[in-house]
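Engineer: Could you look at this predicted model? Sequence included:
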Amino acid sequence: MSVTAAMVKQLRERTGAGMMECKKALVQTEGDIEAAVELMRKTGLAKADKKAGRVAAEGVIGMRVAEDGKRAVLLEVNSETDFVAGGDEFKGFAGEVARLVLEKSPADLDALSALPMPGGETVEEARRALIAKVGENINVRRFGAISSGGLLGTYLHGSRIGVLVALEGGDEALAKDMAMHVAASNPLCVSGANVPAETLDKEREILTEQALQEGKPPEIVSKMVEGRLRKYLGEITLEGQPFVKDPEQAVGKLLKGASATVTGFLRFEVGEGIEKKKENFAEEVMAQVRGD
């Protein structure tokens, strides 16, 4: 019996597995959808949806740079454990998805999920197939791109932190140094002018309350707050931070001396902002026994 596209679609809807896995199961069961569902359940291929709610806070940061060196992308793909994140298949999947981001410039994650992979499956189908194979939830979490009319500094710290920095002026060594600095110091933005107004207002409110609780006279609280706010901006902005290779010198002063300007940067760190659940090894063992 021939396997039709409609049969494959029906099986995919039933199991949540990838297109190629569904087709193989249908061929093996001679087109019997119920038998294919049972086969895929036995082999673990119908578990992708069951795993979707599990926290995936490990993973890798993928990076791809255009041939002209003027544009680059970062991508975060998450898994539940660093063991899976270190596997060749997981890294290969992340690398291919990063390549698609660079080449196709998808508008968002939905558009990225619909793009075809080299094997013919979409990114979403390949993701589900990988979930079924490794037994963990896998999530393509985010991606971003940076372009530069000047130089582009890039830095990968292992596979957990990725940084792109757009630099006007300076040289390649400075661009690399800026990328390494951003990786180490994690600034919020380039300069004080780029800090969102609501962030400044909230910090000013906190500092004012702190000064009042210290019993400072109201007439000097305002000056104290502005002084502390300047210190705060020095901590969270790239230009205000001490340069990691020379803490005696601020990054802004270093850039000015090189007649250079950072026009933007992008920094991804694996799992940042994801609340990790506390491990309960007894429950984990029981879940494995139950086949969850």
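Structural biologist: The structure has been received and is ready for your questions. A quick note: this is a predicted structure, and the numbers were derived from the prediction, not measured. Numbers count the residues shown, from 1 in each chain.

Engineer: can you list the domain ranges for this structure.
Structural biologist: 5-46, 55-147 (automatic domain parsing).

Engineer: Redo those domains as TSV? Include mean pLDDT.
Structural biologist: Shown next, in TSV, are those (pLDDT from 0 to 100):
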stretch	mean pLDDT
domain 5-46	79
domain 55-147	93
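
Engineer: Name whatever forms a beta bridge with the most centrally placed residue in the chain.
Structural biologist: The C-alpha lying nearest the average C-alpha coordinate of the chain belongs to residue 76 (CA atoms, centre = their mean; 2.8 Å). Taking DSSP bridges as the rule, residue 76 bridges to residue 61, residue 142.

Engineer: That one contacts residue 56, correct?
Structural biologist: No - counting by CB atoms under 8 Å, residue 76 stays clear of residue 56, with 10.3 Å between them. Backbone N, C-alpha and C define where each C-beta goes, glycine included.

Engineer: related to what we said a few turns ago, in contact with the residue nearest to the centre of the chain, which residues?
Structural biologist: Going by CB atoms under 8 Å, 6 or more residues apart in numbering, residue 76 touches 59, 60, 61, 62, 140, 141, 142, 143, 268, 270.

Engineer: ok but residue 64 is inside a helix, no?
Structural biologist: No - the assignment for residue 64 (DSSP: H, G, I helix; E, B strand; the rest coil) gives strand, which keeps it out of a helix.

Engineer: Now it: closest residue in space that isn't a chain neighbour?
Structural biologist: Setting aside the residues directly before and after it, residue 64 is nearest to residue 102 in space (CB to CB, 6 or more residues apart in numbering), at 4.1 Å.

Engineer: For the one you found, which residues are in contact?
Structural biologist: Residue 102 neighbours (CB under 8 Å, 6+ apart): 64, 65, 66, 71, 72, 73, 145.

Engineer: and these, which are buried?
Structural biologist: 64, 71, 72, 73, 145 (16 or more other CB atoms under 10 Å).

Engineer: Which member of those residues is positioned nearest residue 248?
Structural biologist: Proximity of these to residue 248 (CB to CB) peaks at residue 72, which lies at 31.1 Å.

Engineer: Give me the secondary structure label for the closest one.
Structural biologist: Going by three-state DSSP: residue 72 is strand.

Engineer: Nearest residue to it in space, please, no chain neighbours.
Structural biologist: Counting by CB to CB, 6+ apart, the residue nearest residue 72 is residue 65, at 4.2 Å.

Engineer: right, and that neighbour touches residue 152 too?
Structural biologist: Yes - in terms of CB under 8 Å, residue 65 counts as a neighbour of residue 152; the distance is 7.2 Å.

Engineer: Common neighbours of the two, please.
Structural biologist: In contact with both residue 65 and residue 152: 71, 72, using CB under 8 Å, 6+ apart.

Engineer: Quick check, residue 233 in contact with residue 193.
Structural biologist: No - applying CB under 8 Å, one finds residue 233 not in contact with residue 193, separated by 9.9 Å.

Engineer: okay, and the common contacts of the two?
Structural biologist: With CB under 8 Å, 6+ apart as the test, residue 233 and residue 193 reach no residue in common.

Engineer: Neighbour count: those two, which is higher?
Structural biologist: Shown here are residue 233 and residue 193; by other CB atoms under 10 Å, residue 233 has more neighbours (20 against 9).

Engineer: For residue 204, see how far away the more buried one is.
Structural biologist: 11 Å (CB to CB, to the nearest Å).

Engineer: repeat for residue 4
Structural biologist: Taking CB to CB, one finds residue 4 at 65 Å from residue 204.
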